[in-house]
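A.B. asks: structure for this input, please:
(one chain, ligands or ions: 1)
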Amino acid sequence: MAYENIRLEKDGPIAVLTVDRPKALNALNSATFHEMDDALRSLKDDTRALIVTGGGDKAFVAGADIAEMVTITAAQAREFSALGHHVFQSLENLPIPTIAAVNGFALGGGLELALGCDLIYASEKAKLGLPEVTLGVIPGFGGTQRLTRLVGRSRAKEMLFTADRIDAARAKEIGLVLDVLPADKLMEHCRAVAAKILKNGPLAVAQAKRVVEYGADQDLRSANELERQGFAVLFGSEDQREGMAAFLAKRPAAFQGK
Ligand code: CO8
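C.D. replies: This next block holds a predicted model:
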């Protein structure tokens, strides 16, 4: 599939998905979602980390495309919402670490996109918010739920009700972004984090992601059971033998992802 609204670039084991409609501040229309869906499906086993960012120098993603939504019916809104949910859920389900490099405005659907990633880093220029109530709607791509799980109900409600755009420093303060970088260092930082993760056992990283994600929705006992299973499964892998043998031999591990 040829892409008109996104770019997918490979840099060794790291892929970078850029939402690239700078004239509309990278707003997410249906075509963009379909391209993102295709891009996520196209990732092969040799991609071991994904960075998501926005094209141009102003926005990560300024939301769902308001021009596309202005006249849609409730049924079409349900469809559009389902499409966004599907794509962000696919992102969350990837067995590799995903990193949002929030390089500018991350509003509405843009913040929801970042929330679908495992780790969120922001540039000093970033502004984050959920302005949907100013448009007479609410987030429709998982934002009400993922933001609440990340920062707690009270802060999430504050952002949802006030529609305030917060800066990156404030977003870090409330636990929404992990770190704030100068604009020209953001991608470098995200690549460095990805590279650090890539040194570790890929099956172990995937299990860690899986048990955190699935466990977060469960009671502690069930979640701990998931951890026990994930832990045990890894003892059937060559990576576990290699990781522990390398430690004892005082050499770096050479993980194969097997
Ligand atoms: N959708 C469509 N076009 C957009 C969007 C958007 N979300 N954001 C910006 N644009 C366009 C502008 O219309 C403008 O186009 P043009 O040059 O043709 O007039 C261009 O991008 C540049 O934008 P501005 O001139 O407004 O740039 P400023 O620097 O003055 O302002 C802002 C930047 C503050 C980011 C401003 O553009 C803005 O407020 N954008 C809208 C932000 C917003 O409200 N986002 C939330 C949208 S709703 C949503 O994301 C979730 C809905 C839930 C989905 C449910 C499914 C049914």
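A.B. asks: which parts of the stretch 1-150 of the chain sit against the ligand?
C.D. replies: Contact residues (C-beta under 6 Å from any ligand atom) of the stretch 1-150 of the chain with the ligand: 24-25, 27, 62-67, 69, 77, 80-81, 105, 107-109, 131-132, 135, 137, 139-141. No exception for glycine: its C-beta is placed from N, CA and C like everyone else's.
A.B. asks: break this protein into its domains for me.
C.D. replies: Per the record, the chain has its domains at 6-198, 202-248, by automatic domain parsing.
A.B. asks: deepest-packed of these, please.
C.D. replies: Stretch with highest mean neighbour count among the domains of the chain: domain 6-198 (a mean of 19; mean count of other C-beta atoms under 10 Å).
A.B. asks: so how far is that one off the chain centroid?
C.D. replies: 6 Å (C-alpha atoms, centre = their mean, to the nearest Å).
A.B. asks: strands of this structure, residue ranges please.
C.D. replies: 6-11, 14-19, 49-54, 59-61, 98-102, 105-107, 119-123, 127-129, 166-167, 179-181 (DSSP state E).
A.B. asks: helices or strands up against the third one?
C.D. replies: Put plainly, it is strand 49-54. strand 14-19, strand 59-61, strand 98-102, helix 109-115, helix 186-198 (3 or more C-beta pairs under 8 Å, 6 or more residues apart in numbering; DSSP states H and E).
A.B. asks: mind putting those into JSON lines with mean pLDDT?
C.D. replies: Converted to JSON lines, the helices and strands packed on strand 49-54 look like this (pLDDT from 0 to 100):
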{"stretch": "strand 14-19", "mean pLDDT": "98"}
{"stretch": "strand 59-61", "mean pLDDT": "98"}
{"stretch": "strand 98-102", "mean pLDDT": "98"}
{"stretch": "helix 109-115", "mean pLDDT": "98"}
{"stretch": "helix 186-198", "mean pLDDT": "98"}
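A.B. asks: so which of the ones you listed comes closest to residue 87?
C.D. replies: With C-beta to C-beta, the closest approach to residue 87 among the helices and strands packed on strand 49-54 belongs to helix 109-115: 8.5 Å.
A.B. asks: output the below-cut-off pLDDT ranges for the stretch 1-150 of the chain.
C.D. replies: Under the criterion pLDDT under 70, no range of the stretch 1-150 of the chain is flagged.
A.B. asks: what's the spacing between residue 223 and residue 214?
C.D. replies: Going from residue 223 to residue 214 by C-beta to C-beta, to the nearest Å gives 8 Å.
A.B. asks: same question for residue 4.
C.D. replies: Taken as C-beta to C-beta, the span from residue 4 to residue 214 is 35 Å.
A.B. asks: which residues sit in contact with the closest residue to residue 102 other than its chain neighbours?
C.D. replies: Sequence neighbours aside, residue 122 is the residue nearest to residue 102 in space, at 4.1 Å (criterion: C-beta to C-beta, 6 or more residues apart in numbering). By C-beta atoms under 8 Å, 6 or more residues apart in numbering, the contact set of residue 122 is 102, 106, 128, 168, 171, 172, 177, 179, 180, 181, 186.
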